[in-house]
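Undergrad: Quick check, what structure comes out for this input:
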Amino acid sequence: MGRYVRDCEQRWFDATTVDLFGFNALQIGLTEMDALSANRMPQRFCLDPNAGDLYAQAEMLPFAAQSLDLVACPHVLEFSSYPHQVLREVERVLRPEGRVLITGFNPVSLWGLRRMLHGKRDPWRSGQFLRLARVKDWLALLGFEIVAGRMGCYAPPINRPGWPQRFRCLEAAGDRWWALGGGVYMLHAVKRVAGVRLLAPRRSAAWKAPPILAPSGGPVQQNQPMKDARND
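TA: Numbering: from 1, shown residues only. Got it, this is the predicted structure:
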């Protein structure tokens with residue numbers, strides 16, 4: 001089942017990242033899968049607490065602000081003690097219009113039901129399944145706009161040889177009839193930064209001081225009417 005999930009997500013990462021351009025791309029965690037293999041950015045890194053190109057925690061990324069163009073987070077949020085802090089760091093290091101790709105297990109699915117029934121016997125017990133709506137809310141609060149997304153892995157999570165192939169027909173049927181019931185969700189979001197433009201205040205006629213007219217002969221005396229030039 002692990003290979004089944006990995007292959008499903010690998011196809012999505014390849015199809016999504018192949019047309020994303022920039023200079024610096026980062027994958028956080030899950031070094032068993034190369035989420036950036038189809039991407040063509042010149043600088044691509046993999047960060048992991050135990051292995052990879054960089055050794056660091058996802059909650060404290062060792063990158064300058066607005067220095068990355070793409071960040072891939074395969075199953076990072078659900079296995080972090082501070083998933084919202086991970087997204088804050090991703091938002092900090094991404095440039096405006098930078099992309100973040102997120103995958104995670106869907107708790108409202110057969111995979112989530114298996115985890116709930118098996119409890120401690122389940123190999124995923126160390127992680128927390130985050131609801132898709134919750135992740136979307138976090139992204140919206142941080143200024144991200146979701147531009148694409150989909151579900152995958154509709155086959156029942158039964159770890160037997162050949163079992164995913166038997167339910168291959170559920171992949172196409174699930175997207176059509178049970179769109180929110182996939183075992184994993186995949187999100188593609190863009191960091192939006194609103195432009196700032198200073199506008200001068202619009203003053204009404206009451207704010208404008210009336211002009212003071214003086215005759216050519218000298219300054220106007222206060223509280224004295226101006227002399228009519230026709231009487232000169």
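
Undergrad: make it CA atoms for all contacts and neighbour counts henceforth
TA: Noted.

Undergrad: Please go through the chain and pick out the longest strand.
TA: The longest strand of the chain (DSSP state E) is strand 94-105.

Undergrad: list the buried ones in it?
TA: 94-96, 98-105 (16 or more other CA atoms under 10 Å).

Undergrad: partners of it in the sheet?
TA: If you go by DSSP bridges, strand 94-105 pairs up with strand 68-74 (parallel), strand 184-191 (antiparallel).

Undergrad: In JSON lines: the buried residues of strand 94-105, plus pLDDT and distance to Phe23.
TA: Rendered in JSON lines, the data for these read as follows (pLDDT from 0 to 100; distance: CA to CA, whole Å):
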{"residue": "Leu94", "pLDDT": "95", "distance to Phe23": "12"}
{"residue": "Arg95", "pLDDT": "94", "distance to Phe23": "11"}
{"residue": "Pro96", "pLDDT": "92", "distance to Phe23": "13"}
{"residue": "Gly98", "pLDDT": "94", "distance to Phe23": "11"}
{"residue": "Arg99", "pLDDT": "95", "distance to Phe23": "12"}
{"residue": "Val100", "pLDDT": "97", "distance to Phe23": "14"}
{"residue": "Leu101", "pLDDT": "97", "distance to Phe23": "16"}
{"residue": "Ile102", "pLDDT": "96", "distance to Phe23": "20"}
{"residue": "Thr103", "pLDDT": "94", "distance to Phe23": "23"}
{"residue": "Gly104", "pLDDT": "91", "distance to Phe23": "26"}
{"residue": "Phe105", "pLDDT": "89", "distance to Phe23": "30"}
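
Undergrad: Phe129 in helix, strand or coil?
TA: coil (DSSP: H, G, I helix; E, B strand; the rest coil).

Undergrad: got a pLDDT number for it?
TA: What the model reports as pLDDT for Phe129 is 84.

Undergrad: Now do the contacts for it.
TA: The contact partners of Phe129, taken as CA atoms under 8 Å, 6 or more residues apart in numbering, are 78, 104-107, 112.

Undergrad: can you list contacts of the lengthiest helix in the chain?
TA: Taking DSSP state H as the criterion, the chain has its longest helix at helix 2-17. Helix 2-17 is touched from outside by 33-39, 103, 152-153, 164, 184, 186, with contacts defined as CA under 8 Å, 6+ apart.

Undergrad: Make TSV out of those residues and add secondary structure and distance to Glu145.
TA: What follows is the contacts of helix 2-17, written out as TSV (DSSP: H, G, I helix; E, B strand; the rest coil; distance: CA to CA, whole Å):
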residue	secondary structure	distance to Glu145
Met33	coil	26
Asp34	coil	25
Ala35	coil	21
Leu36	coil	21
Ser37	coil	24
Ala38	coil	23
Asn39	coil	21
Thr103	strand	16
Gly152	strand	21
Cys153	coil	25
Pro164	helix	33
Val184	strand	20
Met186	strand	14
